[in-house]
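K.L.:
Build me a model from this:
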Amino acid sequence: MHNIYDQVGKESDANMSVKVILASGSPRRRELMELMGIPFETDVSDADEDIDKEMPPERYVGELSRRKAKAVEARHKKDIIIGADTIVVMDGTVLGKPKDKDDALRMLHMLAGRTHSVYTGVTISYPKVSGDKTPGHSGAANDITASDQKDRAEESFHVRTDVTMYTANEMLLEAYTESSEPYDKAGAYGIQGRGALLVERIEGDYYNVMGLPISGLYRRLINILSLCEGS
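P.N.:
Next comes the predicted model:
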């Protein structure tokens, strides 16, 4: 039986003239990229992340993902670059990474017993080719933008997942914030680790909460790879 996953992994590894670059140092995003079976390299972005937190969340993650992709473009002019940014939003407030234990406990108490939203924005920047048309995804409510530059094109989209947490268990929160897990994660928890003990249910893409909505990214990336490799 034809298996597109196996085919893409084997053919891409052998024949790709265009590299795929993940502009992130996140181990979680690297792990998720590996699930797609498409060879890639990483180049950590040093993009300026100072941004207006009053901006609507879908625009917020879209802008930051675009900045991250653009920050490494000069080093990868002929390659496909993926930038991503994930935020936790509660009552219209963007929750970043906690500064210390008190800040982590504050965030986790804010989330406890309630439903919050996790947004991830993804931008794919790639070299423009003759007759290039940015792959469309009409009807997808979470598409942000598809825009063209002089030598490159880009496509951006965002995904939202709603996460409901259990009511606060003080012993569990205390033990969790004594670990190292909360401190490099937006909202002070990691759903793929011990933070899963805090989560009652989710509505939407689980991998989006981890930091990369790979099903949506995979489909867009395959289209763009076909476009670039066919040029």
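K.L.:
can you pull out the helices in the protein?
P.N.:
Along the chain, the stretches classed as helices by DSSP state H are 4-15, 27-35, 57-71, 101-111, 170-178, 206-210, 214-229.
K.L.:
contacts for the third one?
P.N.:
Outside of helix 57-71, the residues within contact range by C-beta atoms under 8 Å, 6 or more residues apart in numbering are 23-24, 45-49, 51-53, 55, 81-87, 89, 94, 117, 119-125, 142, 144-145, 154, 156, 158, 160. To be clear about C-beta, it is placed using only N, CA and C from the backbone, and glycine gets the same treatment.
K.L.:
let's go with 6 Å and repeat that
P.N.:
The contact list for helix 57-71 (C-beta atoms under 6 Å, 6 or more residues apart in numbering) reads 23, 45-47, 81, 83-85, 87, 89, 119, 121-123, 125, 144, 156, 158.
K.L.:
likewise the fifth one?
P.N.:
Residues external to helix 170-178 that are found in contact with it (C-beta under 6 Å, 6+ apart): Lys101, Ala104, Leu105, Leu108.
K.L.:
sorry, back to before: could you export the helices of the chain as CSV, including mean neighbour count?
P.N.:
Shown next, in CSV, are the helices of the chain (neighbours: other C-beta atoms under 10 Å):
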stretch, mean neighbour count
helix 4-15, 12
helix 27-35, 17
helix 57-71, 22
helix 101-111, 18
helix 170-178, 14
helix 206-210, 22
helix 214-229, 18
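K.L.:
For Val199, find the nearest of these.
P.N.:
helix 206-210 (8.6 Å; C-beta to C-beta).
K.L.:
Give the buried residues for stretch 89-97.
P.N.:
The neighbour-count check on stretch 89-97 (16 or more other C-beta atoms under 10 Å) flags Val89, Met90, Val94, Leu95 as buried.
K.L.:
And the furthest pair within these?
P.N.:
Met90 and Val94 (8.6 Å).
K.L.:
need the contact list for Ile87.
P.N.:
Counting by C-beta under 6 Å, 6+ apart, Ile87 touches Val61, Val94, Tyr119, Ala186.
K.L.:
In strands, which of those residues appear?
P.N.:
Counting by DSSP state E, the part of the contacts of Ile87 found in strands is Val94, Tyr119.
K.L.:
Report whether the expected contact of Met33 with Phe40 is present.
P.N.:
Yes - counting by C-beta atoms under 6 Å, Met33 touches Phe40, with 5.4 Å between them.
K.L.:
Could you check how far the nearest residue in space to Met55 that is not next to it in sequence is from Leu108?
P.N.:
Excluding the flanking residues, the one nearest Met55 by C-beta to C-beta, 6 or more residues apart in numbering is Glu63, at 7.2 Å. Using C-beta to C-beta, to the nearest Å, we find Glu63 at a distance of 27 Å from Leu108.
K.L.:
That's all I had, so thanks and see you.
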